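Trainee: I'll drop the sequence and a predicted model, then ask my questions.
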Amino acid sequence: MFEFLVYDARKRVRGSVYLSLGMAVLAAMVIWVYPSFSSSFEEDELLDAYPPQLIELFDVETMSSLEGFLAFELYVFGWVILLGLYLAYSAASVIAEDVDRGRLDTQLAMPVSRRRLLTERFVALGVPILTVNVVVPPVVLGGAVLIGESLSTVDVLALHLLSIPYLFACAGIGICCSVVFDRGGVAQRVALAGTFALFLIESMLEGTPYEILGAATPMRYFDPNEVLLEGTVDPVGVAVLVAMTLGLLVASQAWFVRKDV
Amino acid sequence: MAAIEIDGLTKDYGAVLAADDLSFTVDRGEIFGYLGPNGAGKTTTIRMLLGFIRPTAGTARILGTDIRDRDALVAVKRRLGYLSDEPGFDEEATGQEILDLHAAVKGDSRSEELLELFDPPLDRPIRDYSRGNVQKLGLVTTFMHDPELVILDEPTSGLDPLMRQRFAEFLREERAAGTTVFFSSHVLSEVRRLCDRAGIIRGGRLLTIEPIDALVNRSGKVVRLHAAAPIPRDVLDVEGVHDLQTTVGADPGDADATGIPTQDPEEADALPEGADAVPEEADAFTECAFTFTGDVNDLLPRLAEYDLRDLSIEEAPLEDVFMRFYGEETDV
């Protein structure tokens, strides 16, 4: 058991380290610019100058505190969008790329069920998800200390913890694309476009009669502002994200098991 | 129980009928050749047997398990080795990492012995492998868990002649040890060298299954000969000569008075020395080519008295074999 999980996980370590270093640099930069940013503007002076559509799109609540600034600049942009897209993209290549390059036959000729193969390789995506969420929090917390701002350790850790089911849900979108499409490039593009479309649906339809559509997107259930500014954690949201991930995984398995490869 | 029993196996892609009602059996302990030109449906058949694609109709059993039952097939794969026509491995991994994964999943009782035989460069990443090295690694992963049944799709493609030879010896030893081998090829000579029986597939249809001796006799050879002096045509009036094409090397009248031929050197070389003595063109030749399905022992004594510059007896191209025996009716 778990041979494919171990193999894939090992293969993902190096990329995950680079990814985490990149996100750590982004976090450090955001924290580094914050003091000069906050001293140049009173309260939300700058925010008032932003087009309201943009504020709505990125779900910006306030930039007058480090929490608000981080929630927007680092977590909505870096986690909800960048990492969400990255995970969907990575997951999309898991099966489709192997079909594309003729590598899947060799795997399927081994005594392993398709269900197990898919699940183990999906779970191995936990390596980048966990690595980035382990590497970045100390950078954020340490950075806040260095610039003399207070930041709730519990809130930051909670936020990173909550991002794990969110990122797995995005990976779930990718894995679905990976079994539906036989071309790696197509699966990756559809996963990217689809995930970004879901982000747009969630943020742009807010306050419209179609707001309900946003309930079908993982972005609805992961809100950095809520965690960092209000210090609240929505357990129902976590449960929905876990359910979404499992649902997408089971659907992918069902498709993959029936599919001609 | 047979190793593979195929019963009415069909795969219809709509535009193409890749496998059309195939039925045959591969017995335990034999080497069965699955012969056909590229695109005949060999790989489709194999991929159905392994459960990668579902048959449109019919079914098959490998080692007693119905291929439509994919869960049961997983257990059977422990006793099965498979080499794909284009073995694909993770390009980023080294050969050793690939072997370790295969060993962990299906076991490894003989990779050491196999590595001595086929010797792929294990510490290099797959992306630096040549086609031949990929094939060697594929052979090691196919046999490392000592399978009862081995399915090989064009196993010798990419191997150099030395490795082919080594592979052929290895396969015979495997058979002696009781392994069943099903292998596909588009090379007739390879199948006849290695197999006990062969099935011929073309356009998705099984044309025949024959013991290899019968196939050899029916397949014919291409004979080309080049004589120093004209040979009367009736010398080749032997049973089994088909499609006889003859030419007289050159028209003697073309050589000018100085005796220097006017043709280019290659053709001039073909000019028979006793050119003047050429009888009527239709009755004699200096060069000829024909397909021969008879006994070479009947043919050679008839040529013994002539001065030959060259004689070759080669395997007939597979396509010619099909055309000869199955003609238009099998043209799809």
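Mentor: Done, it's in. Treat the numbers as computed from the prediction; the structure is a model and nothing was measured.
Trainee: surely B:S111 is in contact with B:L137?
Mentor: No - at 10.5 Å, B:S111 and B:L137 do not qualify as touching, with contact defined as C-beta atoms under 8 Å. Bear in mind the C-beta positions are built from the backbone N, C-alpha and C, glycine included.
Trainee: please enumerate the shared neighbours of these two.
Mentor: Common contacts of B:S111 and B:L137 (C-beta atoms under 8 Å, 6 or more residues apart in numbering or on different chains): B:L99.
Trainee: what about those two, which has more around it?
Mentor: Neighbours were counted for B:S111 and for B:L137 using other C-beta atoms under 10 Å in any protein chain shown; B:L137 has more, 26 against 19.
Trainee: so what's that one up against?
Mentor: Residues in contact with B:L137 (C-beta under 8 Å, 6+ apart) are B:P87, B:F89, B:G95, B:I98, B:L99, B:F118, B:P120, B:I126, B:Y129.
Trainee: give me the number of residues near the fifth one?
Mentor: By other C-beta under 10 Å, the residues close to B:L99 number 21.
Trainee: ok, for it, nearest residue in space, not its chain neighbours?
Mentor: Nearest in space to B:L99, with sequence neighbours left out and distances taken as C-beta to C-beta, 6 or more residues apart in numbering or on different chains, is B:S111 at 6.1 Å.
Trainee: ok, now which ones touch the closest residue to B:F118 other than its chain neighbours?
Mentor: Spatial nearest neighbour of B:F118, excluding adjacent residues (C-beta to C-beta, 6+ apart): B:K136 at 4.1 Å. B:K136 is in contact with B:F118, B:D119, B:P120, B:L159, B:M163, counting by C-beta under 8 Å, 6+ apart.
Trainee: ok, B:A2 touching B:R28?
Mentor: Yes - with contact defined as C-beta under 8 Å, B:A2 and B:R28 form a contacting pair (6.7 Å).
Trainee: can you list the buried residues in the worst-scoring helix or strand of chain A on mean pLDDT?
Mentor: Lowest on mean pLDDT, DSSP states H and E among the helices and strands of chain A sits helix A:45-49, with a mean of 72. Within helix A:45-49, the residues that count as buried by 16 or more other C-beta atoms under 10 Å in any protein chain shown are A:L47.
Trainee: can you tell me what sits against it?
Mentor: Here helix A:45-49 makes contact (C-beta under 8 Å, 6+ apart) with A:F37, A:I55, A:V60, A:T62, A:M63, A:S64.
Trainee: please apply the same query to stretch A:157-169.
Mentor: Residues outside stretch A:157-169 that contact it (C-beta under 8 Å, 6+ apart): A:75, A:79-80, A:83-84, A:87, A:125-126, A:129-130, A:133, A:136-137, A:218-219, A:221-222, A:224, A:227-228, A:233, A:237-238, A:241-242, A:244-245, A:248.
Trainee: in a strand, B:D20, correct?
Mentor: Yes - using DSSP: H, G, I helix; E, B strand; the rest coil, the assignment for B:D20 is a strand.
Trainee: how much space separates it from B:R202?
Mentor: Taking C-beta to C-beta, to the nearest Å as the measure, B:D20 falls 10 Å from B:R202.
Trainee: which positions in the stretch 1-150 of chain A make contact with chain B?
Mentor: A:3-4, A:6-7, A:11, A:98, A:101-106, A:108-114 (C-beta under 8 Å from any C-beta of the partner chain).
Trainee: centroid-nearest residue for chain B?
Mentor: B:V187 (1.8 Å; C-alpha atoms, centre = their mean).
Trainee: check contacts around B:D310.
Mentor: The neighbours of B:D310, taking C-beta under 8 Å, 6+ apart as the test, are B:R224, B:L225, B:H226.
Trainee: can you count the residues close to the last one?
Mentor: Here the count is done by other C-beta under 10 Å, and B:H226 has 19 residues near it.
Trainee: isn't B:A19 right next to B:L9, touching?
Mentor: Yes - using C-beta under 8 Å, B:A19 is in contact with B:L9, at 5.7 Å.
Trainee: mutual contacts of these two, please.
Mentor: B:T45, B:M48, B:P55.
Trainee: and B:F24, helix, strand or coil?
Mentor: Assigned with three-state DSSP, B:F24 falls in the strand class.
Trainee: same check on the one 10 residues further on?
Mentor: Reducing the assignment at B:Y34 to three states with three-state DSSP gives strand.
Trainee: cool, and the one 3 residues further on?
Mentor: B:P37 carries the three-state label coil when classified by three-state DSSP.
Trainee: report how many residues lie close to it.
Mentor: Neighbour count of B:P37, defined by other C-beta under 10 Å: 16.
Trainee: what residue ranges in the stretch 151-261 of chain A score low on pLDDT?
Mentor: Residue ranges of the stretch 151-261 of chain A with pLDDT under 70: none are present.
Trainee: can you check chain B too?
Mentor: Low-confidence segments of chain B (pLDDT under 70): B:249-282, B:318-332.
Trainee: once you drop chain neighbours, what's closest to B:S189?
Mentor: Closest residue to B:S189 apart from its sequence neighbours, by C-beta to C-beta, 6+ apart: B:E315 at 4.7 Å.
Trainee: let's see the helix or strand where A:F122 lies as CSV, backbone CA atoms only.
Mentor: Here A:F122 sits within helix A:114-123, counting by DSSP states H and E. Only the C-alpha atoms of helix A:114-123 are listed here, as CSV (Å, rounded to 0.1, in the frame of the first residue of the first chain):
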residue,chain,number,x,y,z
ARG,A,114,-7.3,2.7,-10.7
ARG,A,115,-9.2,4.0,-7.7
ARG,A,116,-6.1,3.5,-5.5
LEU,A,117,-3.7,4.9,-8.1
LEU,A,118,-5.8,8.1,-8.4
THR,A,119,-6.3,8.5,-4.7
GLU,A,120,-2.6,8.0,-3.7
ARG,A,121,-1.4,10.4,-6.4
PHE,A,122,-4.0,13.0,-5.4
VAL,A,123,-3.1,12.8,-1.7
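Trainee: that one packs against which elements?
Mentor: helix A:3-40, helix A:84-100, helix A:104-108, helix A:153-180, helix A:235-258 (3 or more C-beta pairs under 8 Å, 6 or more residues apart in numbering or on different chains; DSSP states H and E).
Trainee: now the ones you listed as TSV including mean neighbour count?
Mentor: Shown next, in TSV, are the helices and strands packed on helix A:114-123 (neighbours: other C-beta atoms under 10 Å in any protein chain shown):
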stretch	mean neighbour count
helix A:3-40	16
helix A:84-100	24
helix A:104-108	22
helix A:153-180	24
helix A:235-258	16
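Trainee: quick one, what contacts residue 12?
Mentor: No chain specified, so I'll use chain A. So A:R12 contacts A:A124, A:L125, A:V127, A:P128 (C-beta under 8 Å, 6+ apart).
Trainee: look at chain B instead
Mentor: B:A18, B:T56, B:A57.
Trainee: who in chain B is up against chain A?
Mentor: Chain B comes close to chain A at residues B:47, B:50-54, B:70-71, B:74-78, B:80, B:82, B:84, B:86-93, B:97, B:101-102, B:104-106, B:138, B:141, as judged by C-beta under 8 Å from any C-beta.
Trainee: let's go with 6 Å and repeat that
Mentor: B:50, B:52-53, B:74, B:77-78, B:82, B:84, B:86, B:88, B:101, B:104-106 (C-beta under 6 Å from any C-beta of the partner chain).
Trainee: considering these, which is situated nearest to B:P37?
Mentor: The nearest member of the residues of chain B next to chain A to B:P37, counting by C-beta to C-beta, is B:E86 at 17.4 Å.
Trainee: which residues outside the longest helix belonging to chain B are in contact with it?
Mentor: Looking across chain B with DSSP state H, the single longest helix is helix B:161-176. Applying C-beta atoms under 6 Å, 6 or more residues apart in numbering or on different chains, the contact partners of helix B:161-176 are B:I31, B:T156, B:L194.
Trainee: buried set for that helix?
Mentor: B:M163, B:R164, B:R166, B:F167, B:F170, B:L171, B:E174, B:R175.
Trainee: would you format those as TSV with distance to A:L70 included?
Mentor: Listed next are the buried residues of helix B:161-176 as TSV, based on distance: C-beta to C-beta, whole Å:
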residue	distance to A:L70
B:M163	61
B:R164	64
B:R166	64
B:F167	62
B:F170	63
B:L171	65
B:E174	64
B:R175	69
